[in-house]
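>>> Okay, here's the prediction I keep looking at, along with the sequence it came from:
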Amino acid sequence: MINVTKTYLPPIEEYIHLLYGVWDRVHLTNNGPLALELEKQLKDYLGVKHLFFVSNGTIALQIAIKALDLKGEIITTPFSYVATTSSIVWENCKPKFVDIEPDSFTIDADKIESAINENTSAIMATHVFGIPCNVNKIKAIAEKHNLKVIYDAAHSFGVNYYDTSVFNYGDIATASFHATKLFHTVEGGAIVTNDDDLAHKISYMKSFGHKGQESFWGVGINGKNSEVHAAMGLCLLSKMPDVIQERKKLSEYYDTLLAPLMSKVYRPVIPGDTEYNYAYYPVVFESEEKLLQVRDSLNASFIYPRRYFYPSLNTLNYISDQPAPVSEGISSKILCLPLYNGLNEREIEQITTIIAAAIKY
Ligand SMILES: *Cc1c(COP(=O)(O)O)cnc(C)c1O
């Protein structure tokens, strides 16, 4: 069986080695030494000023919205995982969808200004599949209209744009370290900011608002993560350059084998000046019908690609009447092919052969 992804795990001895320390200390959570060490190493790895290791990527988004005190409407992308939209709604704000660029699949910055009104408080965009948003244009629009910017960088671990980590863009950027993501801690996430005041606020918000044992800074939530999760991250972090290198090789092999089909399928365009992480391998087909044919053929051989991202988030049943034709079109025709460490070239040959046969009809 070949799934769209397969969680990358370290040698179990390396993980157990760190667990011995946890057992010795009997310090399982609440800013334990492994969680603090992981935060430090992630800051170094990503080259960012403040980073908080939290329990998942969704709580990271929700804390970001709270920390920026957002109200009213938040301009966002319809082409992302559901958490990008649901976290906005959960925090009692209204998602205002701006359609995506047909090439990069990220929010179309040229369409943002016409969606701004007196209730708009922020722009929350996703670097979808690790493809950087048009961060310079978005920054200029946000400054002009006095809006905050949050980037959902759940897919962007290890991506650099204009020689700096994508996590350095926006007032806040968030990560997911879920087991299906490129870098993971089983469950986990991070909140990144370069703003000292905001970081101060987030440090309280993610720990119930505790300011010492008996006093409170203000309202907070439980966003902490544990030592056993941090241990996984510490085992994996040093392996990330090799992990990304292997995925690059596999992606390029897909590129080579799919080249003869490029009149029938297309791939997102990654902007120049991007150092990419090869987190996903999305392919857009000519029609939803073709996509379903391809999926059925692959499934028949026990190969399970996924429809990332479908449906387009503007069509969720708790959103009313906000069309986004580009996103809806791409959503209905896009499939992420299997891509993970340990996938081999024979398997990629098998997958692309099945696709070639399926789209002929
Ligand atoms: C995975 C993901 C999230 C949510 O992360 P969790 O850690 O699963 O809560 C948010 N946004 C995007 C774009 C994601 O892909």
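Nice, thanks for sending it over. Numbering: from 1, shown residues only.
>>> What's opposite the residue lying closest to residue 199 once chain neighbours are set aside in the beta bridge?
Leaving aside its sequence neighbours, residue 199 sits nearest to residue 50 (Cβ to Cβ, 6 or more residues apart in numbering; 3.7 Å). Placement of C-beta: from N, CA and C, glycine included. Here residue 50 sits in beta bridges with residue 193, as judged by DSSP bridges.
>>> how about the strands of the chain, start to end?
Ranges of strands in the chain, per DSSP state E, are 2-3, 50-54, 73-76, 94-97, 120-126, 148-152, 160-161, 164-165, 172-176, 189-193, 274-275, 282-284, 303-304, 334-336.
>>> re earlier: who touches the residue nearest to residue 199 in this structure?
Residue 50 is in contact with 43, 192, 193, 194, 195, 196, 198, 199, 202, counting by Cβ atoms under 8 Å, 6 or more residues apart in numbering.
>>> Relative to residue 355, which of the strands of the chain is closest?
Closest to residue 355 of the strands of the chain is strand 282-284 (Cβ to Cβ; 7.8 Å).
>>> Check which helices and strands the closest one is in contact with.
On a contact count with 3 or more Cβ pairs under 8 Å, 6 or more residues apart in numbering; DSSP states H and E, strand 282-284 meets strand 334-336.
>>> chain center to the strand it packs on, what's the gap?
16 Å (Cα atoms, centre = their mean, to the nearest Å).
>>> List of residues touching it?
Identification of contacts with strand 334-336 by Cβ under 8 Å, 6+ apart yields 4, 280-285, 291, 294-295, 305-310.
>>> tell me, what residue is most central in the protein?
Residue closest to the average C-alpha location in the chain (Cα atoms, centre = their mean): residue 154, at 1.9 Å.
>>> In helices only, show me the contacts of strand 334-336.
291, 294, 295 (DSSP state H).
>>> Low-confidence bits of the chain, can you list those?
Across the chain, the ranges flagged by pLDDT under 70 are 361.
>>> Tell me the residue of it that sits nearest the ligand?
residue 57 (2.6 Å; Cβ to the nearest ligand atom).
>>> what number of residues lie near that residue?
Per other Cβ atoms under 10 Å, the neighbour tally for residue 57 reads 27.
>>> What residues does it make contact with?
Counting by Cβ under 8 Å, 6+ apart, residue 57 has contacts 83, 152, 154, 174, 175, 176, 177, 178, 181, 188, 189.
>>> now swap in residue 342 and tell me
Residue 342 neighbours (Cβ under 8 Å, 6+ apart): 6, 8.
>>> likewise residue 85?
76, 78, 95, 313, 316, 319.
>>> so the third one sits right up against residue 74, yeah?
Yes. Judged on Cβ atoms under 8 Å, residue 95 makes contact with residue 74 at a distance of 6.0 Å.
>>> These two: who's more crowded?
More neighbours surround residue 74 than the other of residue 95 and residue 74, with 27 against 23 (other Cβ under 10 Å).
>>> which residues pair with the more buried one across the strands?
Applying DSSP bridges, one finds that residue 74 bridges with residue 95, residue 122.
>>> buried set for stretch 340-356?
Going by neighbour count (16 or more other Cβ atoms under 10 Å), the buried part of stretch 340-356 is 340, 341, 343, 348, 351, 352, 354, 355, 356.
>>> before we move on, what about stretch 101-108?
Residues of stretch 101-108 classed as buried by neighbour count (16+ other Cβ under 10 Å): 101, 104, 105, 106, 107, 108.
>>> of all those residues, which comes closest to residue 124?
residue 107 (9.2 Å).
>>> okay but the closest one is in contact with residue 100, surely?
Yes. The criterion here is Cβ under 8 Å, and residue 107 meets it with residue 100 at 5.9 Å.
>>> Which neighbours do these two have in common?
With Cβ under 8 Å, 6+ apart, residue 107 and residue 100 have common neighbours residue 77.
>>> Name all residues that make contact with residue 264.
285, 286, 290, 359.
>>> What residues does this structure have near the ligand?
Residues of the chain found near the ligand (Cβ under 6 Å from any ligand atom) are 56-58, 80-81, 83-84, 126, 152, 154-155, 176, 178, 189.
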